[in-house]
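Participant: okay, structure incoming, though there's no sequence with it:
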(Lines give C-alpha, C1' and ligand atoms only; values in the text may rest on other atoms or scores of the structure.)
Protein backbone atom coordinates (compact mmCIF):
# COMPACT_ATOMS: atom_id res chain seq x y z
CA UNK A 1 0.00 0.00 0.00
CA UNK A 2 2.92 2.34 -0.57
CA UNK A 3 2.99 4.42 -3.74
CA UNK A 4 5.77 6.43 -5.26
CA UNK A 5 3.86 9.39 -6.66
CA UNK A 6 6.64 11.95 -6.81
CA UNK A 7 6.33 12.46 -10.58
CA UNK A 8 2.58 12.83 -10.32
CA UNK A 9 2.91 15.31 -7.47
CA UNK A 10 5.45 17.31 -9.45
CA UNK A 11 3.17 17.28 -12.50
CA UNK A 12 0.25 18.45 -10.38
CA UNK A 13 2.33 21.27 -8.98
CA UNK A 14 3.43 22.31 -12.47
CA UNK A 15 -0.14 22.17 -13.78
CA UNK A 16 -1.35 24.38 -10.95
CA UNK A 17 1.29 26.99 -11.71
CA UNK A 18 0.46 27.00 -15.43
CA UNK A 19 -3.31 27.14 -15.10
CA UNK A 20 -4.23 29.04 -11.94
CA UNK A 21 -7.41 30.43 -13.46
CA UNK A 22 -8.60 26.98 -14.42
CA UNK A 23 -7.88 25.71 -10.94
CA UNK A 24 -9.91 28.50 -9.38
CA UNK A 25 -12.75 27.97 -11.81
CA UNK A 26 -12.78 24.23 -11.12
CA UNK A 27 -12.97 24.81 -7.38
CA UNK A 28 -15.73 27.34 -7.79
CA UNK A 29 -17.85 24.93 -9.85
CA UNK A 30 -17.05 21.59 -8.29
CA UNK A 31 -16.23 22.72 -4.78
CA UNK A 32 -13.41 20.32 -4.06
CA UNK A 33 -12.62 21.72 -0.67
CA UNK A 34 -12.02 19.02 1.89
CA UNK A 35 -10.14 19.71 5.08
CA UNK A 36 -9.40 17.78 8.25
CA UNK A 37 -11.07 19.23 11.32
CA UNK A 38 -8.51 17.69 13.65
CA UNK A 39 -5.78 15.11 13.55
CA UNK A 40 -4.16 12.88 16.15
CA UNK A 41 -0.92 11.19 15.22
CA UNK A 42 2.35 10.09 16.82
CA UNK A 43 5.10 12.67 16.60
CA UNK A 44 7.69 9.92 16.13
CA UNK A 45 7.29 7.07 13.65
CA UNK A 46 9.31 3.89 14.13
CA UNK A 47 10.45 2.55 10.73
CA UNK A 48 8.56 -0.59 9.80
CA UNK A 49 6.10 -0.26 12.69
CA UNK A 50 2.46 0.60 12.21
CA UNK A 51 1.46 4.13 13.20
CA UNK A 52 -2.16 5.08 13.83
CA UNK A 53 -3.37 8.38 12.42
CA UNK A 54 -6.85 9.58 13.39
CA UNK A 55 -8.33 12.37 11.28
CA UNK A 56 -11.74 14.04 11.51
CA UNK A 57 -12.81 15.25 8.07
CA UNK A 58 -15.63 17.55 6.99
CA UNK A 59 -17.32 18.71 3.81
CA UNK A 60 -16.09 22.26 3.32
CA UNK A 61 -18.98 23.31 1.06
CA UNK A 62 -19.40 21.30 -2.10
CA UNK A 63 -20.44 23.04 -5.29
CA UNK A 64 -22.37 21.63 -8.22
CA UNK A 65 -20.83 18.34 -9.28
CA UNK A 66 -22.72 16.34 -11.93
CA UNK A 67 -22.95 12.59 -11.45
CA UNK A 68 -21.25 12.54 -8.08
CA UNK A 69 -21.62 8.81 -7.55
CA UNK A 70 -20.07 7.88 -10.85
CA UNK A 71 -17.36 10.46 -10.34
CA UNK A 72 -16.24 8.91 -7.06
CA UNK A 73 -17.20 5.27 -7.54
CA UNK A 74 -15.25 4.35 -4.40
CA UNK A 75 -11.94 4.77 -6.20
CA UNK A 76 -10.68 7.75 -4.25
CA UNK A 77 -8.90 7.09 -0.99
CA UNK A 78 -7.28 9.17 1.70
CA UNK A 79 -3.51 9.35 1.37
CA UNK A 80 -0.79 10.54 3.70
CA UNK A 81 2.54 11.91 2.63
CA UNK A 82 5.81 12.56 4.40
CA UNK A 83 8.02 15.26 2.97
CA UNK A 84 11.56 15.90 4.13
CA UNK A 85 11.86 19.22 5.92
CA UNK A 86 12.78 21.97 3.52
CA UNK A 87 11.57 20.17 0.38
CA UNK A 88 8.28 19.93 -1.51
CA UNK A 89 8.91 16.47 -3.00
CA UNK A 90 7.13 13.57 -1.25
CA UNK A 91 9.54 11.12 0.35
CA UNK A 92 6.85 8.47 0.78
CA UNK A 93 3.11 8.32 0.19
CA UNK A 94 0.84 5.80 1.91
CA UNK A 95 -2.76 5.24 0.81
CA UNK A 96 -5.44 4.06 3.22
CA UNK A 97 -7.40 1.70 0.99
CA UNK A 98 -10.07 1.19 3.64
CA UNK A 99 -11.13 4.86 3.53
CA UNK A 100 -14.22 6.08 1.69
CA UNK A 101 -14.20 9.85 1.13
CA UNK A 102 -17.43 9.64 -0.88
CA UNK A 103 -19.30 9.95 2.41
CA UNK A 104 -18.19 13.56 2.61
CA UNK A 105 -20.00 14.34 -0.63
CA UNK A 106 -23.25 14.13 1.28
CA UNK A 107 -22.13 16.74 3.75
CA UNK A 108 -21.31 14.23 6.48
CA UNK A 109 -18.43 14.62 8.83
CA UNK A 110 -16.28 11.53 9.14
CA UNK A 111 -13.59 10.32 11.50
CA UNK A 112 -10.98 8.13 9.86
CA UNK A 113 -8.47 5.91 11.65
CA UNK A 114 -5.64 4.90 9.33
CA UNK A 115 -3.03 2.26 10.09
CA UNK A 116 0.11 3.17 8.15
CA UNK A 117 3.75 2.21 8.06
CA UNK A 118 6.48 4.54 6.85
CA UNK A 119 9.93 3.21 6.03
CA UNK A 120 12.25 6.16 5.57
CA UNK A 121 15.68 7.29 6.75
CA UNK A 122 15.81 8.90 10.18
CA UNK A 123 15.14 12.60 10.24
CA UNK A 124 12.53 15.33 10.46
CA UNK A 125 9.56 15.32 8.10
CA UNK A 126 6.28 17.10 7.55
CA UNK A 127 3.10 15.04 7.45
CA UNK A 128 0.45 15.91 4.86
CA UNK A 129 -2.94 14.47 3.98
CA UNK A 130 -4.58 14.26 0.55
CA UNK A 131 -6.85 12.26 -1.75
CA UNK A 132 -5.54 9.55 -4.09
CA UNK A 133 -7.15 8.07 -7.23
CA UNK A 134 -6.63 4.31 -7.13
CA UNK A 135 -8.59 3.45 -10.28
CA UNK A 136 -5.73 3.39 -12.79
CA UNK A 137 -3.18 1.03 -11.29
CA UNK A 138 -2.50 3.59 -8.58
CA UNK A 139 -0.87 5.87 -11.12
CA UNK A 140 -3.35 8.72 -11.10
CA UNK A 141 -1.82 10.28 -8.08
CA UNK A 142 -3.18 12.93 -5.79
CA UNK A 143 -5.86 14.58 -7.86
CA UNK A 144 -8.22 16.25 -5.41
CA UNK A 145 -7.51 18.91 -2.88
CA UNK A 146 -7.67 19.14 0.85
CA UNK A 147 -6.66 22.76 0.63
CA UNK A 148 -9.14 25.42 -0.32
CA UNK A 149 -8.65 26.37 -4.00
CA UNK A 150 -5.97 23.88 -4.78
CA UNK A 151 -6.07 20.74 -6.89
CA UNK A 152 -3.40 18.11 -6.62
CA UNK A 153 -2.22 19.52 -3.33
CA UNK A 154 -1.79 18.42 0.24
CA UNK A 155 -2.93 19.83 3.53
CA UNK A 156 -0.18 20.04 6.13
CA UNK A 157 -0.92 18.05 9.26
CA UNK A 158 2.21 18.68 11.31
CA UNK A 159 5.81 17.81 12.05
CA UNK A 160 6.95 14.25 12.68
CA UNK A 161 10.23 12.43 13.06
CA UNK A 162 11.31 9.07 11.72
CA UNK A 163 13.16 7.34 14.50
CA UNK A 164 16.75 6.37 13.83
CA UNK A 165 19.56 4.89 15.84
CA UNK A 166 19.74 7.89 18.19
CA UNK A 167 16.05 7.52 19.05
CA UNK A 168 16.72 3.98 20.29
CA UNK A 169 19.02 5.20 23.07
CA UNK A 170 17.56 4.76 26.54
CA UNK A 171 17.35 7.00 28.39
CA UNK A 172 17.60 9.59 25.65
CA UNK A 173 20.83 11.60 25.99
CA UNK A 174 20.99 15.23 27.09
CA UNK A 175 22.46 16.11 23.71
CA UNK A 176 22.36 14.06 20.52
CA UNK A 177 22.73 15.21 16.93
CA UNK A 178 23.07 13.38 13.64
CA UNK A 179 25.96 14.17 11.34
CA UNK A 180 26.28 13.15 7.71
CA UNK A 181 27.09 9.56 6.94
CA UNK A 182 27.76 6.44 8.96
CA UNK A 183 30.68 4.16 9.86
CA UNK A 184 31.01 0.36 9.61
CA UNK A 185 30.55 -1.33 12.97
CA UNK A 186 31.11 -5.02 12.29
CA UNK A 187 34.70 -4.91 13.55
CA UNK A 188 36.48 -2.46 15.83
CA UNK A 189 40.14 -1.68 16.27
CA UNK A 190 40.39 -0.76 19.94
CA UNK A 191 42.73 2.00 21.07
CA UNK A 192 43.06 2.82 24.76
CA UNK A 193 44.30 6.22 25.82
CA UNK A 194 46.36 6.99 28.91
CA UNK A 195 44.63 6.13 32.19
CA UNK A 196 42.14 3.59 30.79
CA UNK A 197 41.84 0.86 33.43
CA UNK A 198 41.60 -2.91 33.11
CA UNK A 199 37.84 -2.99 33.72
CA UNK A 200 37.23 -0.55 30.89
CA UNK A 201 39.59 -2.44 28.58
CA UNK A 202 37.97 -5.80 29.33
CA UNK A 203 34.49 -4.32 28.81
CA UNK A 204 35.30 -3.06 25.33
CA UNK A 205 37.37 -6.10 24.38
CA UNK A 206 34.40 -8.33 25.17
CA UNK A 207 32.16 -5.94 23.23
CA UNK A 208 34.37 -6.01 20.14
CA UNK A 209 34.76 -9.79 20.28
CA UNK A 210 31.02 -10.42 20.65
CA UNK A 211 30.20 -7.89 17.93
CA UNK A 212 32.59 -9.54 15.49
CA UNK A 213 31.11 -12.98 16.18
CA UNK A 214 27.50 -11.82 15.73
CA UNK A 215 28.09 -9.64 12.67
CA UNK A 216 30.52 -11.93 10.92
CA UNK A 217 33.28 -9.38 11.23
CA UNK A 218 34.85 -7.33 8.51
CA UNK A 219 38.25 -6.91 6.93
CA UNK A 220 37.88 -3.17 7.46
CA UNK A 221 38.30 -2.30 11.13
CA UNK A 222 36.75 0.90 12.46
CA UNK A 223 38.95 2.62 15.07
CA UNK A 224 37.31 2.89 18.51
CA UNK A 225 39.27 5.11 20.87
CA UNK A 226 38.72 5.38 24.64
CA UNK A 227 40.08 8.54 26.22
CA UNK A 228 39.89 9.93 29.76
CA UNK A 229 38.33 13.38 30.09
CA UNK A 230 38.67 14.58 33.68
CA UNK A 231 36.24 17.43 33.02
CA UNK A 232 33.35 14.96 32.81
CA UNK A 233 31.48 13.70 35.85
CA UNK A 234 31.96 10.11 37.11
CA UNK A 235 28.90 8.86 35.17
CA UNK A 236 29.02 11.25 32.21
CA UNK A 237 30.25 10.35 28.74
CA UNK A 238 30.70 11.80 25.28
CA UNK A 239 30.62 9.91 21.99
CA UNK A 240 31.86 11.27 18.69
CA UNK A 241 31.27 9.17 15.58
CA UNK A 242 32.87 11.07 12.74
CA UNK A 243 35.60 10.76 10.10
CA UNK A 244 35.37 6.98 10.02
CA UNK A 245 36.06 6.43 13.72
CA UNK A 246 34.38 6.24 17.13
CA UNK A 247 35.69 8.32 20.04
CA UNK A 248 34.46 7.64 23.58
CA UNK A 249 35.28 10.06 26.41
CA UNK A 250 34.59 9.62 30.12
CA UNK A 251 36.33 10.12 33.46
CA UNK A 252 35.41 6.88 35.27
CA UNK A 253 34.23 3.33 34.68
CA UNK A 254 30.50 4.04 34.81
CA UNK A 255 30.84 6.72 32.15
CA UNK A 256 32.61 4.31 29.80
CA UNK A 257 30.01 1.65 30.68
CA UNK A 258 27.10 3.90 29.74
CA UNK A 259 28.82 4.87 26.50
CA UNK A 260 29.15 1.16 25.76
CA UNK A 261 25.44 0.64 26.45
CA UNK A 262 24.61 3.55 24.16
CA UNK A 263 26.70 2.11 21.34
CA UNK A 264 24.94 -1.24 21.72
CA UNK A 265 21.53 0.44 21.66
CA UNK A 266 22.38 2.06 18.33
CA UNK A 267 23.23 -1.31 16.78
CA UNK A 268 20.77 -3.96 15.55
CA UNK A 269 18.92 -5.80 18.34
CA UNK A 270 20.84 -8.97 17.49
CA UNK A 271 23.78 -7.52 19.44
CA UNK A 272 21.97 -8.68 22.61
CA UNK A 273 21.79 -12.28 21.42
CA UNK A 274 24.19 -15.05 20.53
CA UNK A 275 22.96 -16.03 17.06
CA UNK A 276 24.82 -14.82 13.99
CA UNK A 277 23.11 -12.03 12.06
CA UNK A 278 25.37 -11.42 9.10
CA UNK A 279 22.67 -9.65 7.08
CA UNK A 280 21.84 -7.03 9.73
CA UNK A 281 22.84 -3.40 9.24
CA UNK A 282 26.07 -3.30 11.24
CA UNK A 283 26.71 0.41 10.96
CA UNK A 284 26.64 3.36 13.34
CA UNK A 285 25.35 6.79 12.32
CA UNK A 286 27.81 9.66 12.43
CA UNK A 287 26.71 11.70 15.41
CA UNK A 288 27.65 13.63 18.54
CA UNK A 289 26.31 12.48 21.91
CA UNK A 290 26.75 14.02 25.35
CA UNK A 291 25.04 12.60 28.39
CA UNK A 292 25.11 12.61 32.18
CA UNK A 293 22.48 11.43 34.67
CA UNK A 294 20.13 13.93 36.28
CA UNK A 295 19.83 11.84 39.46
CA UNK A 296 22.74 10.18 41.26
CA UNK A 297 20.48 7.42 42.63
CA UNK A 298 18.68 5.51 39.87
CA UNK A 299 17.35 2.37 41.50
CA UNK A 300 15.30 -0.76 41.00
CA UNK A 301 14.03 -3.24 43.57
CA UNK A 302 14.10 -7.03 43.49
CA UNK A 303 12.12 -8.99 46.08
CA UNK A 304 13.68 -12.45 46.46
CA UNK A 305 11.78 -13.20 49.68
CA UNK A 306 8.22 -13.74 48.51
CA UNK A 307 9.54 -15.30 45.30
CA UNK A 308 13.00 -16.80 45.17
CA UNK A 309 15.15 -15.97 42.12
CA UNK A 310 18.18 -17.99 41.08
CA UNK A 311 21.61 -16.37 40.81
CA UNK A 312 21.33 -16.39 37.01
CA UNK A 313 17.99 -14.62 37.21
CA UNK A 314 19.39 -12.01 39.60
CA UNK A 315 22.30 -11.36 37.23
CA UNK A 316 19.92 -11.06 34.30
CA UNK A 317 17.95 -8.44 36.25
CA UNK A 318 21.13 -6.52 37.01
CA UNK A 319 22.17 -6.68 33.36
CA UNK A 320 18.82 -5.21 32.35
CA UNK A 321 19.33 -2.40 34.88
CA UNK A 322 22.72 -1.65 33.37
CA UNK A 323 21.24 -1.41 29.87
CA UNK A 324 18.88 1.25 31.25
CA UNK A 325 21.84 2.95 32.99
CA UNK A 326 20.45 2.35 36.48
CA UNK A 327 22.98 2.16 39.31
CA UNK A 328 21.33 0.95 42.56
CA UNK A 329 19.76 -2.44 43.27
CA UNK A 330 17.56 -2.61 46.35
CA UNK A 331 17.81 -6.34 47.02
CA UNK A 332 15.08 -7.53 49.40
CA UNK A 333 16.59 -10.54 51.20
CA UNK A 334 14.64 -11.07 54.43
CA UNK A 335 11.03 -10.79 55.54
CA UNK A 336 8.26 -12.84 57.13
CA UNK A 337 8.11 -15.05 54.02
CA UNK A 338 11.72 -16.23 54.13
CA UNK A 339 15.35 -15.56 55.05
CA UNK A 340 17.69 -15.70 52.03
CA UNK A 341 21.15 -14.84 53.41
CA UNK A 342 23.54 -17.48 54.71
CA UNK A 343 25.09 -16.53 58.06
CA UNK A 344 27.37 -19.28 59.33
CA UNK A 345 27.07 -18.24 62.98
CA UNK A 346 23.27 -18.70 62.80
CA UNK A 347 22.70 -21.74 60.54
CA UNK A 348 19.02 -22.12 61.46
CA UNK A 349 18.25 -18.88 59.62
CA UNK A 350 18.58 -20.77 56.34
CA UNK A 351 17.92 -24.33 57.54
CA UNK A 352 14.53 -23.30 58.95
CA UNK A 353 13.86 -19.66 58.10
CA UNK A 354 14.49 -20.01 54.35
CA UNK A 355 11.56 -22.39 53.86
CA UNK A 356 7.81 -22.16 54.17
CA UNK A 357 5.19 -24.92 54.07
CA UNK A 358 3.29 -23.20 51.29
CA UNK A 359 2.54 -19.90 49.62
CA UNK A 360 -0.39 -17.56 49.99
CA UNK A 361 -2.83 -17.74 47.08
CA UNK A 362 -4.25 -14.45 45.85
CA UNK A 363 -5.20 -11.85 48.43
CA UNK A 364 -6.41 -14.26 51.12
CA UNK A 365 -3.89 -14.18 53.97
CA UNK A 366 -5.16 -17.48 55.38
CA UNK A 367 -4.82 -19.33 52.07
CA UNK A 368 -1.93 -21.70 51.31
CA UNK A 369 -1.13 -23.92 48.32
CA UNK A 370 0.60 -26.48 50.57
CA UNK A 371 3.76 -26.64 48.45
CA UNK A 372 7.05 -26.29 50.33
CA UNK A 373 8.92 -23.32 48.93
CA UNK A 374 12.15 -21.48 49.59
CA UNK A 375 15.86 -21.16 49.03
CA UNK A 376 18.82 -19.04 50.06
CA UNK A 377 22.11 -17.64 48.79
CA UNK A 378 25.48 -18.78 50.10
CA UNK A 379 28.14 -16.27 51.05
CA UNK A 380 30.10 -17.15 47.91
CA UNK A 381 27.04 -16.61 45.73
CA UNK A 382 26.41 -13.23 47.31
CA UNK A 383 30.03 -12.21 46.74
CA UNK A 384 29.75 -13.34 43.12
CA UNK A 385 26.63 -11.22 42.55
CA UNK A 386 28.25 -8.17 44.15
CA UNK A 387 31.32 -8.57 41.92
CA UNK A 388 29.16 -9.01 38.83
CA UNK A 389 27.05 -5.97 39.72
CA UNK A 390 30.21 -3.88 39.90
CA UNK A 391 31.01 -4.69 36.28
CA UNK A 392 27.48 -3.53 35.42
CA UNK A 393 27.85 -0.23 37.27
CA UNK A 394 25.35 -1.31 39.91
CA UNK A 395 25.77 -0.96 43.68
CA UNK A 396 23.74 -3.43 45.74
CA UNK A 397 21.83 -2.23 48.78
CA UNK A 398 20.62 -5.28 50.75
CA UNK A 399 17.41 -5.01 52.74
CA UNK A 400 17.63 -6.90 56.05
CA UNK A 401 14.36 -6.21 57.88
CA UNK A 402 14.90 -5.53 61.58
CA UNK A 403 13.30 -5.46 64.14
CA UNK A 404 9.95 -5.90 62.32
CA UNK A 405 9.16 -8.39 59.57
CA UNK A 406 11.26 -10.99 61.39
CA UNK A 407 8.94 -14.03 61.43
CA UNK A 408 11.36 -16.06 59.31
CA UNK A 409 14.19 -15.38 61.74
CA UNK A 410 11.99 -15.99 64.78
CA UNK A 411 10.82 -19.31 63.37
CA UNK A 412 14.48 -20.37 63.51
CA UNK A 413 15.25 -18.77 66.92
CA UNK A 414 11.85 -18.38 68.63
CA UNK A 415 13.30 -17.47 72.05
CA UNK A 416 14.32 -14.11 70.57
CA UNK A 417 10.66 -13.17 70.16
CA UNK A 418 8.21 -11.78 72.69
CA UNK A 419 6.12 -14.98 72.75
CA UNK A 420 9.10 -17.34 72.76
CA UNK A 421 7.38 -19.86 70.50
CA UNK A 422 4.70 -20.33 67.85
CA UNK A 423 6.43 -18.60 64.93
CA UNK A 424 6.17 -20.00 61.43
CA UNK A 425 7.36 -18.75 58.06
CA UNK A 426 4.37 -17.88 55.94
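Facilitator: Cool, got the structure. Small disclaimer: the values here were computed from a predicted structure and weren't measured.
Participant: so residue 339 bridges to which residues?
Facilitator: Beta-bridge pairing of residue 339 under DSSP bridges involves residue 334.
Participant: mind checking pLDDT for it?
Facilitator: What the model reports for residue 339 is a pLDDT of 98.
Participant: tell me the contacts of it?
Facilitator: Taking C-beta atoms under 8 Å, 6 or more residues apart in numbering, we find residue 339 in contact with 333, 349, 350, 353, 354, 376, 408, 409, 412. The C-beta positions use only the backbone N, C-alpha and C, and glycine is treated the same way.
Participant: the third one falls within a strand, correct?
Facilitator: Looking back up the chat, that one is residue 350. No - using DSSP: H, G, I helix; E, B strand; the rest coil, the secondary structure at residue 350 is helix, not a strand.
Participant: quick check: phi and psi at the closest residue to it other than its chain neighbours.
Facilitator: Leaving aside its sequence neighbours, residue 350 sits nearest to residue 376 (C-beta to C-beta, 6 or more residues apart in numbering; 4.3 Å). The phi and psi values for residue 376, taken as degrees, to the nearest 10, are phi -160, psi 170.
Participant: just to check, residue 376 is in contact with residue 340?
Facilitator: Yes - counting by C-beta atoms under 8 Å, residue 376 does reach residue 340; the two are 4.8 Å apart.
Participant: now for those two: what residues contact both?
Facilitator: By C-beta under 8 Å, 6+ apart, the residues touching both residue 376 and residue 340 are 350, 354.
Participant: higher neighbour count, those two?
Facilitator: Higher neighbour count among residue 376 and residue 340: residue 340, with 26 against 21, using other C-beta atoms under 10 Å.
Participant: from what I can see that one touches residue 306, true?
Facilitator: No - between residue 340 and residue 306 no contact is recorded; they are 10.6 Å apart, counting by C-beta under 8 Å.
Participant: all strands of the stretch 251-400 of the chain, in order?
Facilitator: With strands called from DSSP state E, counting those that start in this stretch, the stretch 251-400 of the chain shows them at 283-291, 299-303, 328-332, 334-335, 338-339, 355-356, 373-374, 395-399.
Participant: residues contacting the residue nearest to residue 350?
Facilitator: Applying C-beta under 8 Å, 6+ apart, we find residue 376 in contact with 338, 339, 340, 341, 342, 350, 354.
Participant: Serialize the residues you listed to CSV and add fields for distance to residue 171.
Facilitator: Formatted as CSV, these follow (distance: C-beta to C-beta, whole Å):
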residue, distance to residue 171
338, 34
339, 36
340, 31
341, 32
342, 36
350, 39
354, 37
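Participant: ranking those by neighbours, who comes first?
Facilitator: The residue in the contacts of residue 376 with the most neighbours, by other C-beta under 10 Å, is residue 339 (31 neighbours).
Participant: what pLDDT does the model give the closest residue to residue 177 other than its chain neighbours?
Facilitator: Spatially, and ignoring its direct neighbours in sequence, residue 177 is nearest to residue 288 (5.2 Å; C-beta to C-beta, 6+ apart). Per-residue confidence (pLDDT) for residue 288: 96.
Participant: now the one 4 residues further on
Facilitator: Looking at residue 292, its pLDDT reads 98.
Participant: average model confidence for the helix or strand encompassing residue 55?
Facilitator: Assigned by DSSP states H and E, residue 55 falls within strand 51-59. For strand 51-59, mean pLDDT is 72.
Participant: any idea how many residues pack against the closest residue to residue 415 other than its chain neighbours?
Facilitator: Spatial nearest neighbour of residue 415, chain neighbours left out: residue 421 (8.0 Å); criterion: C-beta to C-beta, 6+ apart. Using other C-beta under 10 Å, residue 421 is surrounded by 8 other residues.
Participant: surely residue 421 touches residue 411?
Facilitator: No - if you go by C-beta under 8 Å, residue 421 and residue 411 don't touch, sitting 10.1 Å apart.
Participant: could you find the closest non-adjacent residue to the one residue sitting closest to the centre of the chain?
Facilitator: The geometric centre of the chain, computed from its C-alpha atoms, lies nearest to residue 168 (C-alpha atoms, centre = their mean), at 5.1 Å. Once flanking residues are discounted, residue 168 sits nearest to residue 265: 5.2 Å by C-beta to C-beta, 6+ apart.
Participant: residues in contact with the one you found?
Facilitator: Residue 265 touches 168, 169, 170, 323, counting by C-beta under 8 Å, 6+ apart.
Participant: and those residues as CSV, adding secondary structure and distance to residue 191?
Facilitator: Formatted as CSV, the contacts of residue 265 follow (DSSP: H, G, I helix; E, B strand; the rest coil; distance: C-beta to C-beta, whole Å):
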residue, secondary structure, distance to residue 191
168, helix, 26
169, coil, 23
170, coil, 27
323, helix, 25
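Participant: please, a ChimeraX command that selects the buried ones among those?
Facilitator: In ChimeraX syntax, the buried subset of the contacts of residue 265 is picked out as below (16 or more other C-beta atoms under 10 Å):
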select :168,169
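Participant: as TSV, the contacts of residue 265 with distance to residue 248 and pLDDT would be great.
Facilitator: Formatted as TSV, these follow (distance: C-beta to C-beta, whole Å; pLDDT from 0 to 100):
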residue	distance to residue 248	pLDDT
168	18	87
169	14	93
170	18	93
323	17	97
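Participant: any chance of the contacts of residue 265 in a markdown table, plus distance to residue 293?
Facilitator: Conversion of the contacts of residue 265 to a markdown table gives the following (distance: C-beta to C-beta, whole Å):
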| residue | distance to residue 293 |
| --- | --- |
| 168 | 19 |
| 169 | 13 |
| 170 | 13 |
| 323 | 14 |
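Participant: list just the nearest of the contacts of residue 265 to residue 194.
Facilitator: Closest approach between those and residue 194, by C-beta to C-beta: residue 169, at 28.0 Å.
Participant: and the next element down the chain from the longest helix along the chain?
Facilitator: Assignment by DSSP state H gives helix 198-215 as the longest helix of the chain. Sequence-wise, the next helix or strand downstream of helix 198-215 (DSSP H and E) is strand 222-228.
Participant: how about that next one: buried residues?
Facilitator: Those would be 222, 224, 225, 226, 227, 228, for strand 222-228 by 16+ other C-beta under 10 Å.
Participant: and the two most separated of the contacts of residue 376?
Facilitator: Among the contacts of residue 376, 338 and 342 lie farthest apart (C-beta to C-beta), at 12.8 Å.
Participant: for residue 117, grab phi and psi.
Facilitator: phi -130, psi 120.
Participant: so who does the closest residue to it other than its chain neighbours touch?
Facilitator: Leaving aside its sequence neighbours, residue 117 sits nearest to residue 50 (C-beta to C-beta, 6+ apart; 5.2 Å). If a contact means C-beta under 8 Å, 6+ apart, then residue 50 has 115, 116, 117 as its contacts.
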